[in-house]
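Q: After the sequence you'll find the predicted model.
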Amino acid sequence: MEFHYVDLRSFCYATEDEDRVEAALRHYLPEEYPVERETNEGHHGDEIVVLSARVDNADDVRYVMDRVLEAGEQDRILDEIEERVDDDCSFHLRLDKQAACEGESGFGDGLHLRAKVEAYPAKREKAVEAVRRSLADG
């Protein structure tokens with residue numbers, strides 16, 4: 001996998017069970033991985049908890065990406081690769097929080113994945129090529 005690190009993040013709104021949201025995030029993480037918790041205030045004064053984790057060990061990055069690819073949407077990602085890699089050489093995906101709560105991988109809404117792509121030189125075109133290689137190898 002040609003990624004420096006992977007950031008996973010999810011918002012837990014007042015109407016959600018924080019333990020379930022954390023379990024959804026942990027679905028994509030290796031065992032015992034630390035999850036950071038930050039509390040913010042929403043537009044209407046409600047509490048929003050942001051749960052996040054950064055995975056930067058090569059084996060752990062592979063674990064996360066293998067979990068993502070369990071969704072079976074590799075062709076879809078490859079078709080949309082141009083829209084998923086930004087000018088800062090980061091690869092973005094939105095993952096289904098509800099499916100992850102049930103122990104399944106899927107694309108949807110609720111969990112945010114950002115993977116910093118190893119691209120030399122650090123240009124968007126090189127990053128797109130690197131993500132293609134990583135997904136083809138995965």
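A: Structure's in. What do you need? This structure is a prediction, so every number in the text was calculated from the model and none was measured.

Q: mind listing what's buried in stretch 80-89?
A: Burial within stretch 80-89, assessed by neighbour count using 16 or more other C-beta atoms under 10 Å, is assigned to 81, 84-85, 89. Any C-beta I mention is one placed from the backbone N, CA and C, and that applies to glycine too.

Q: Following the chain onward from the helix or strand encompassing Val64, which element is next?
A: Counting by DSSP states H and E, the element that carries Val64 is helix 58-69. The element immediately downstream of helix 58-69 (helix or strand, assigned by DSSP H and E) is helix 74-79.

Q: Could you measure from Gln98 over to Leu135?
A: Between Gln98 and Leu135 the distance is 24 Å, computed by C-beta to C-beta, to the nearest Å.

Q: ok so, going back, by pLDDT, give me the weakest of the buried residues of stretch 80-89.
A: Looking at the buried residues of stretch 80-89, model confidence by pLDDT dips furthest at Ile81: 94.

Q: Burial check on Asp79, number of neighbours?
A: 11 (other C-beta atoms under 10 Å).

Q: Please apply the same query to Leu8.
A: There are 26 residues near Leu8, going by other C-beta under 10 Å.

Q: what sits against it?
A: When contacts are counted by C-beta atoms under 8 Å, 6 or more residues apart in numbering, Leu8 touches 25, 28-29, 52-53, 55, 64, 111-113.
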